[in-house]
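sequence and predicted model, in that order:
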Amino acid sequence: MIPDYDSYMYHATPLGDMFVAARAGVLTWCVWRATPRYAAWMSGDIVREPDCAVLRQAAEWLDAYFAGCEHEVDRPVLEQPRTAFRREVYNAMDRIGRGQTISYGGLAAAVGVPDGARAVAGAVAANRLLLMRPCHRVVGADGKLHGYASGLDIMAALLEMESRG
């Protein structure tokens with residue numbers, strides 16, 4: 001799958017480079033370059049960094065996130081999901097505080113579908129705006145880490161970093 005975007009860059013973070021892309025003034029992708037399911041179309045050393053306000057804002061937000069002060073910087077405008085259900089899930093995910101977690105079932109209950117943990121898991125898995133939409137804060141019913149697209153080691157590192165403040 002090759003995404004539709006008109007501007008992109010790679011942005012260095014303490015956990016590796018992130019591929020950040022935008023289309024028509026909206027952030028459409030923010031994933032680690034090493035993410036296995038996306039790595040095929042992100043390979044190569046060509047970096048395109050046109051003068052794009054959304055990408056500059058995303059870079060500023062990412063730097064602030066890793067400094068523990070993302071709340072001090074405006075998050076760029078994010079691409080909205082096509083379905084009302086995913087919009088609800090993503091809006092609820094946005095309300096999970098830094099350093100906190102919620103289970104898929106808890107998130108399902110929060111969006112009014114108490115038996116919808118699997119549907120919520122599908123919506124969370126489809127998130128391609130990592131960190132911007134904090135899917136790393138959604139865990140299994142057992143409290144364990146499950147299914148993070150960029151790997152459980154990155155998920156664990158994010159949660160550990162956030163818990164330190």
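Noted; the coordinates are in hand.

where along this protein do the strands fall?
With DSSP state E as the criterion, the chain has strands at 7-11, 18-23, 26-32, 102-103, 138-139.

so what sits opposite the residue most central in space within the chain in the bridge?
Residue closest to the mean C-alpha point of the chain, counted by C-alpha atoms, centre = their mean, is Leu130 at 1.3 Å. Per DSSP bridges, residues listed as beta-bridge partners of Leu130: Arg133.

any figure for the gap between it and Val73?
Applying C-beta to C-beta, to the nearest Å, the value for Leu130 to Val73 is 17 Å. All C-beta spots, glycine's among them, are computed from the backbone N, C-alpha and C.

Arg23 too?
22 Å.

give me the domain ranges for this protein.
Domain assignment for the chain by automatic domain parsing gives 7-72, 84-163.

distance to Leu78 and mean pLDDT added to those domains, as CSV?
Below are those laid out as CSV (distance: least, C-beta to C-beta, whole Å; pLDDT from 0 to 100):
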stretch, distance to Leu78, mean pLDDT
domain 7-72, 5, 83
domain 84-163, 6, 95
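
for the lengthiest helix in the chain, packing partners?
Determined from DSSP state H, the single longest helix within the chain is helix 53-66. Under the contact criterion of 3 or more C-beta pairs under 8 Å, 6 or more residues apart in numbering; DSSP states H and E, helix 53-66 touches strand 7-11, strand 18-23, strand 26-32.

angle of the first one against strand 18-23?
Strand 7-11 and strand 18-23 meet at an angle of 160 degrees, taking axes from the mean of the first three to the mean of the last three C-alpha atoms, to 10 degrees as the criterion.

what is the distance between strand 7-11 and the centre of its chain?
Distance, stretch centre to chain centre, for strand 7-11: 15 Å (C-alpha atoms, centre = their mean, to the nearest Å).

and the longest one, by the same measure?
Its chain's average C-alpha position is 8 Å from that of strand 26-32, according to C-alpha atoms, centre = their mean.

what does stretch 106-125 give?
17 Å.

what does stretch 154-165 give?
14 Å.

please apply the same query to stretch 99-106.
Relative to its chain's centre, stretch 99-106 lies at 15 Å (C-alpha atoms, centre = their mean).

quick one: contacts of it?
Contacts to stretch 99-106, defined as C-beta atoms under 8 Å, 6 or more residues apart in numbering, come from residues 96, 110, 114, 117-118, 120-121, 124, 137-141, 143, 159, 162-163, 165.
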